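S.K.: Prediction below, plus the sequence it came from.
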Amino acid sequence: MAATVATETLIQIENLTKVFYTDEIETHALSGVHLSIRRGEYVAMSGPSGCGKSTLLSILGLLDTPTSGDYTLNSKAVATLNFADRSRIRNQEIGFIFQSFNLIGDLTVYENVELPLTYRSGMPAAERKDRVHRSLERVNMAHRMRHYPAQLSGGQQQRVAVARALSGAPSILLADEPTGNLDSKNGEAVMRLLTELHGEGSTICMVTHDPRFAAHAERQVHLFDGKVVAEGELLQMLADPERNSSTTSTHPEARA
């Protein structure tokens, strides 16, 4: 059974593009991206600043829409979803971990973790309570549930943010530079936590600019100028910025 789950495609995107228009200027953030993520995988997306990593993650998380291309999440064609369906799927199937934690300062740790669950119609209060307690225990923060974010260290706040993402039992965790606001010690602690969660079966897609943290994932996807490229090609491009990015090729692992 485990082998079947491990090979099931959770996310499939084909020829995805994203163009931003400002003052008649076109900025091509993504240019024909192909990517598959299997259930149970831990994928790191890396590349230089401005290469399209966070844009791609926002689209995967249904926070943004592509200009063109196909995106299938858990066998659902995202383009066919209406606003209500997108909101429901974002709440139930996607867990977000942000660089800036995004905790609400006047809510306790318990209330921050519970908040996404309050938007699920029909979920009993007892089930919400159980989910919050279990999620906080998984990140070793149950003893701080009555504290407020300002009373926690950065590493502790990020653990609470992870618990909030876990409480909804999502299909995938999307982490956008989860160590960006942490020192190296707390950054490593959060990476160990993500590795543990992956070992327990969580599917994770993480954006990071740090190759040390990308190495924690079981597969790395490299982006450059809005395209997925092979690692060797990325190194060549970084060494030769004048090289025409239109010659980039799709990373073979991106279609795996």
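M.R.: Cool, the structure landed.

S.K.: end-to-end on stretch 172-192?
M.R.: One end of stretch 172-192 to the other measures 17 Å (CA to CA, to the nearest Å).

S.K.: which other residues reach it?
M.R.: If you take CB atoms under 8 Å, 6 or more residues apart in numbering as the criterion, stretch 172-192 is touched by 10-11, 37, 54, 57, 60-61, 93-101, 153-155, 158-159, 162, 165-166, 194, 197, 202-210, 213, 216. Using the backbone N, CA and C atoms, a C-beta is placed for each residue, glycine as well.

S.K.: hmm, which of those residues are the buried ones?
M.R.: Among the contacts of stretch 172-192, the ones that count as buried by 16 or more other CB atoms under 10 Å are 10-11, 37, 54, 57, 60-61, 93-99, 101, 155, 158-159, 162, 165-166, 194, 197, 202-209, 213, 216.

S.K.: Tell me which of those fall in helices.
M.R.: Among the buried ones among the contacts of stretch 172-192, the ones falling in helices (DSSP state H) are 54, 57, 60, 93, 155, 158-159, 162, 165-166, 194, 197, 213.

S.K.: tell me the two of those that are most distant?
M.R.: 93 and 155 (27.2 Å; CB to CB).

S.K.: thinking again about what came up before, I'd like the ones in helices among the buried ones among the contacts of stretch 172-192 as TSV, with distance to residue 78 and pLDDT appended.
M.R.: Below are those laid out as TSV (distance: CB to CB, whole Å; pLDDT from 0 to 100):
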residue	distance to residue 78	pLDDT
54	18	90
57	14	94
60	9	96
93	11	93
155	34	94
158	28	94
159	30	94
162	25	95
165	20	95
166	23	94
194	25	94
197	25	94
213	28	91
